[in-house]
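Engineer: sequence and computational prediction follow.
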Amino acid sequence: MAEGKPTEAQTHYARFPSLFRPDWLAVATAAQVRFGVGLWGGVLSTTAKQLQYQADYLKKLSEAEQPSDAVKSSREFVQKVVSSVAAEGRQVFDRNVALIAASRQVG
């Protein structure tokens, strides 16, 4: 490493100190940790639901006897996925906005 030249990791630390430091949990506030846990919990929950929708869709496709059954299943799947993603995303967003507002009142 050249003298005085920052490493790539140090550059990341400077731009996003709470995200890329190995000890980010030690320097994060309780509100930041709750926000991160809430956000990732919502993302994982949404992902699990979407994977279940895909499994159900594939099962329906495997049972389709006519091309029209496959088209119907595809249409239902797309509608379910799009409406679910929108609703789940909104819930995660609203939950985390409320958490941010609450943390500002406390601290």
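Structural biologist: Arrived safely. For clarity, every value in this text was computed on a predicted model and none was experimentally measured. Numbering: from 1, shown residues only.
Engineer: buried ones in the helix or strand harbouring A48, by neighbour count?
Structural biologist: Element membership of A48 [criterion: DSSP states H and E] is helix 30-63. Judged by neighbour count (16 or more other CB atoms under 10 Å), helix 30-63 contains these buried residues: 34-36, 42, 46, 53, 57, 60. The C-beta positions use only the backbone N, C-alpha and C, and glycine is treated the same way.
Engineer: okay, those residues in TSV with distance to F93 next?
Structural biologist: Converted to TSV, the buried residues of helix 30-63 look like this (distance: CB to CB, whole Å):
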residue	distance to F93
R34	15
F35	12
G36	14
G42	9
T46	12
Y53	21
Y57	26
K60	31
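Engineer: show me what contacts the residue nearest to the spatial centre of the chain?
Structural biologist: Central residue of the chain (CA atoms, centre = their mean): V43, 2.9 Å from the mean position. Shown in contact with V43 (CB atoms under 8 Å, 6 or more residues apart in numbering): V92.
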